[in-house]
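Engineer: task: produce atomic coordinates for the following.
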Amino acid sequence: MAEHRGPRHRRRADIQPDKSEALANGGTQLILLITGDAPRSRRARENLAAALRDLKITDTKPTEVDLIKQPAQTLVYGVFANPALLRTGTTGKAEALYGDLSERKALERFLAGL
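Structural biologist: Take a look at the predicted model:
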């Protein structure tokens, strides 16, 4: 009898970012996971753009992943809420900031070092 192992899940630590983009950005990639044009997704997009502009971070462009159009990405990235901003390095390990990114100090700390 075959052993049942259950569904396969990928942990956030297993994410493999596009290394060419990550290397071009000093080893870091930003991924904004949203749900279409929902109000919290719109605010997250606007708050991230404003923070990147104000902090003069011009060499890192966030990649947007719409979870309505690509629901399987929820499992790939291991997110449990959205909007979510992920920061990955060349190792593929990710850190996440959840919500509409309206807590400016938390967002600035998350973006520090880009």
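Engineer: in this protein, where is pLDDT below threshold?
Structural biologist: Along the chain, the model assigns pLDDT under 70 to residues 1-26.
Engineer: switch to 90 and redo it
Structural biologist: Flagging of the chain using pLDDT under 90 yields the residue ranges 1-28, 59-60, 74-80, 88-94, 113-114.
Engineer: gap between Gln73 and Gly113?
Structural biologist: Distance, Gln73 to Gly113, by Cβ to Cβ, to the nearest Å: 25 Å. From N, CA and C alone the C-beta is placed, and that goes for glycine too.
Engineer: quick one: which of the two has more around it?
Structural biologist: Gln73 (15 against 9; other Cβ atoms under 10 Å).
Engineer: which ones are touching the more buried one?
Structural biologist: 33, 65, 67 (Cβ atoms under 8 Å, 6 or more residues apart in numbering).
Engineer: residue contacts, the last one?
Structural biologist: In this case it means Leu67. 33-35, 73-74, 79, 82.
Engineer: what's next to the helix ranked longest in the chain, contact-wise?
Structural biologist: Longest helix in the chain, counting residues (DSSP state H): helix 39-54. Residues from elsewhere that reach helix 39-54 (Cβ under 8 Å, 6+ apart): 30, 32, 34-35, 57-58, 60, 62, 64, 82-83, 85, 99-102, 104, 107-108, 111.
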